[in-house]
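S.K.: coords below, sequence missing:
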């Protein structure tokens, strides 16, 4: 039997009013909750976009040439590690984490030729740029300043000399291979041996030194230079107090970039977009501490090469924050020097193979003949 609820019109009206009020209150609460949730979501999205913008700003690059304008702050680094799972390498410069490689010097390694022997890491490694045909110069160096002349003062753990040579004609390449096999002191590169490729040659040598011959110091020089290895090694062992962050040589100042295409020193705006080079050491000889060699070997990847090798090294040093120490103990010319000057000079430039023997005799005789002074204990 169905049940009928008899309600008066007044009661029904009251119930209808209460229902409408309850519905209105519920709608307000739902709308309010939705609005709060939406605002929170928008705040999170806005924060992510802002962090992404900061991240993109922190890795801004200079026209694709790998020179970072703005480095990330410490807060940025924490955000990068947390959000992008990047691991920071110990001992690596911060900019290198974001910079785009410009070239890889390892592509110039000749994988078919054995490298020089460096089984004992020396105090000083001398890397000497040499043209393939300069066999007389290399022979003179092997017979003079590259020899271990005095076992009481110098031995195989003190210094080692390595020649840097590229590729040329097939016949001469075979001769270089044979010379390398005999003396085990030639680093052969897979590039055409030319003056315009000196940057490839030197950076190949620096990379090899960083990876395969961990010396405390590296001296870069040329095969027409005399290196007074005896007094240089003694100086590094007794008087040099700067063991790290060392870049020293004859300082070249205010060198404008040559834009004449007919010059052998020509560098295009694309390769180097500044009017002048930073101060750099002349390529006749400059000395780097091992930590600088390691950093240069990594940093060269991010700087487009240009064909002035000593200026290129100056650009790398400036970018790494390594100051150049100027010294007159690297002589640009070989004329007008007396025998006693060879008690002071570490490097003398512009010599024939025959003059190497004369310089060695001057260096040996100066030690017993010339008066020593306090200058011999200083870089300056």
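M.R.: Good, I have the coordinates. Only a predicted model underlies this, so the values are computations on that prediction, with no experimental measurement involved.

S.K.: Buried residues, the helix or strand hosting residue 203. List them.
M.R.: Assigned by DSSP states H and E, residue 203 belongs to helix 198-212. Across helix 198-212, burial judged by 16 or more other C-beta atoms under 10 Å covers 198-210. Quick note: C-beta positions are derived from backbone N, CA and C, even for glycine.

S.K.: before we move on, what about stretch 308-321?
M.R.: Applying a neighbour-count criterion of 16+ other C-beta under 10 Å, one finds 308-320 buried in stretch 308-321.

S.K.: Can you convert those into JSON lines and add a column each for pLDDT and secondary structure?
M.R.: As requested, these are exported to JSON lines (pLDDT from 0 to 100; DSSP: H, G, I helix; E, B strand; the rest coil):
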{"residue": "308", "pLDDT": "96", "secondary structure": "coil"}
{"residue": "309", "pLDDT": "97", "secondary structure": "helix"}
{"residue": "310", "pLDDT": "97", "secondary structure": "helix"}
{"residue": "311", "pLDDT": "97", "secondary structure": "helix"}
{"residue": "312", "pLDDT": "97", "secondary structure": "helix"}
{"residue": "313", "pLDDT": "98", "secondary structure": "helix"}
{"residue": "314", "pLDDT": "97", "secondary structure": "helix"}
{"residue": "315", "pLDDT": "96", "secondary structure": "helix"}
{"residue": "316", "pLDDT": "97", "secondary structure": "helix"}
{"residue": "317", "pLDDT": "97", "secondary structure": "helix"}
{"residue": "318", "pLDDT": "96", "secondary structure": "helix"}
{"residue": "319", "pLDDT": "95", "secondary structure": "helix"}
{"residue": "320", "pLDDT": "96", "secondary structure": "helix"}
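
S.K.: what sits against residue 184?
M.R.: By C-beta atoms under 8 Å, 6 or more residues apart in numbering, the contact list for residue 184 reads 114, 116, 117.

S.K.: For residue 209, see how far away the nearest residue to the last one once chain neighbours are set aside is.
M.R.: Pointing back at residue 117 there. Counting by C-beta to C-beta, 6 or more residues apart in numbering, the nearest residue to residue 117 once its immediate chain neighbours are dropped is residue 184, at 4.2 Å. For residue 184, the distance to residue 209 under the criterion C-beta to C-beta, to the nearest Å works out to 16 Å.

S.K.: returning to what we had before: so which of the buried residues of helix 198-212 would you say is closest to residue 273?
M.R.: The shortest distance between residue 273 and any of the buried residues of helix 198-212, using C-beta to C-beta, involves residue 199 and amounts to 16.6 Å.
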